[in-house]
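>>> structure for this input, please:
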Amino acid sequence: MLPHADDAITRDGKALVLAYDHGLEHGPVDFEPNPDTADPEAVWELATHDAVSAFAVQKGIAEAYYPSYEDDVSLLAKLNGTSNLWMGEPDSAVNWSADYAAELGADAVGFTLYGGSNGEVEMAEEFRDAQETAREHDMGVVMWSYPRGQGLKNDTSPDTIAYAARLGLELGADIAKVKYPGSGEAMAHACEMAGPAKVVMSGGSKTDDRAFLETVESAIANGAAGLAVGRNVFQRENPVEILDALEAVIYEEASADEALELTGSAAVADD
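Now for the predicted structure:
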């Protein structure tokens, strides 16, 4: 972890990472709630929203579109990822190198580590290569730290999430993306275990707007630096409005109620 290495993908020390690697990780089913988002350009346009501090995509999406958006979007190159067709122990193929991400103009790299899986050792060694190469190119490093696999009974318990946040610090990530551990107190513990590394909450599956914003509010109030989110934005009918609300909660530390009032959108509140 290097101080300020994540400056290009944060705003005032906070982060809202818009993730769009779902076409690989989950398949086209994730675009069904909002079919227009199957077109990558629609989500690249969302990534130009002021609230979005970085846009996380796989190689093909970066190659095809980033040259048209490099002045408006900070690119977070998600280096590994595996399709939902894979049925083995949690693992993630490395699909592009940090060197190639730098060549495309990326500001940071992202890497999934499944701590506790049978592939953990191999994935940690792959992360080492990516992290050290990212440093050669002055790029920040974000770890999707998702403990899962045969040895884990509960991958969202507070102790497991705190361990996930700590793995990010220990292995050299500037930002660790973890699941919400169920309470503000547990999130505060996870952030404490991450030390100087930032912790961002995983957005997860789409939920009702108020509940989603209240969870983000809790995470921010208890030390999280922000959010990494995909489906909870692009699956909504009005994704710009939820980005407006998230901007208020993350960067202005507004409450969920205040954020909904600021947007002036009953549609958001009732979604």
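
>>> how about the helices in the stretch 1-150 of the chain?
22-25, 40-46, 59-69, 98-104, 120-136 (DSSP state H, counting those that start in this stretch).

>>> most packed of the ones you listed?
When you average the neighbours per residue for each of these (mean count of other Cβ atoms under 10 Å), helix 22-25 leads with a mean of 20. Yep, even glycine has a C-beta here, placed from its N, CA and C like the rest.

>>> average pLDDT for that one?
For helix 22-25, mean pLDDT is 93.

>>> that helix: how far from the chain's middle?
Relative to its parent chain, helix 22-25 has a centroid offset of 14 Å by Cα atoms, centre = their mean, to the nearest Å.

>>> then stretch 106-124?
Centroid displacement of stretch 106-124 relative to its chain, using Cα atoms, centre = their mean, is 14 Å.

>>> go on, stretch 127-134?
18 Å.

>>> who's in contact with residue 215?
180, 201, 207 (Cβ atoms under 8 Å, 6 or more residues apart in numbering).

>>> quick one: the closest residue to residue 38 other than its chain neighbours from residue 124, how far?
Nearest residue to residue 38, sequence neighbours excluded (Cβ to Cβ, 6 or more residues apart in numbering): residue 31, at 4.0 Å. For residue 31, the distance to residue 124 equals 32 Å [Cβ to Cβ, to the nearest Å].

>>> so residue 151 sits in a helix?
No: under the criterion used here (DSSP: H, G, I helix; E, B strand; the rest coil), residue 151 is coil, not part of a helix.

>>> correct me if wrong: it contacts residue 114.
No: with contact defined as Cβ atoms under 8 Å, residue 151 does not count as touching residue 114 (10.8 Å).

>>> and the two? Which one has more around it.
Shown here are residue 151 and residue 114; by other Cβ atoms under 10 Å, residue 114 has more neighbours (23 against 11).

>>> in terms of model confidence, name the weakest of the contacts of residue 215.
For the contacts of residue 215, the least confident entry is residue 207, with 85.

>>> report the contact partners of the residue nearest to residue 38.
Contacts of residue 31 by Cβ under 8 Å, 6+ apart are 22, 23, 37, 38.

>>> how near is it to residue 39?
Residue 31 is 9 Å from residue 39, by Cβ to Cβ.

>>> picking up where we left off before, of the helices of the stretch 1-150 of the chain, which is nearest residue 236?
With Cβ to Cβ as the criterion, residue 236 lies closest to helix 40-46 of the helices of the stretch 1-150 of the chain, at 10.3 Å.

>>> what's in contact with the closest one?
Helix 40-46 is contacted from outside by 18, 20, 36-37, 52, 55, 57, 61, 64-65, 68-69, 73, 233-234, 239-240, 243, using Cβ under 8 Å, 6+ apart.

>>> mind listing which of the residues you listed are in strands?
Counted as lying in strands by DSSP state E, out of these, are 18, 55, 57.

>>> got the residues you listed as a markdown table, with distance to residue 190, pLDDT and neighbour count columns?
Shown next, in a markdown table, are the ones in strands among the contacts of helix 40-46 (distance: Cβ to Cβ, whole Å; pLDDT from 0 to 100; neighbours: other Cβ atoms under 10 Å):
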| residue | distance to residue 190 | pLDDT | neighbour count |
| --- | --- | --- | --- |
| 18 | 22 | 98 | 29 |
| 55 | 25 | 98 | 28 |
| 57 | 26 | 98 | 28 |
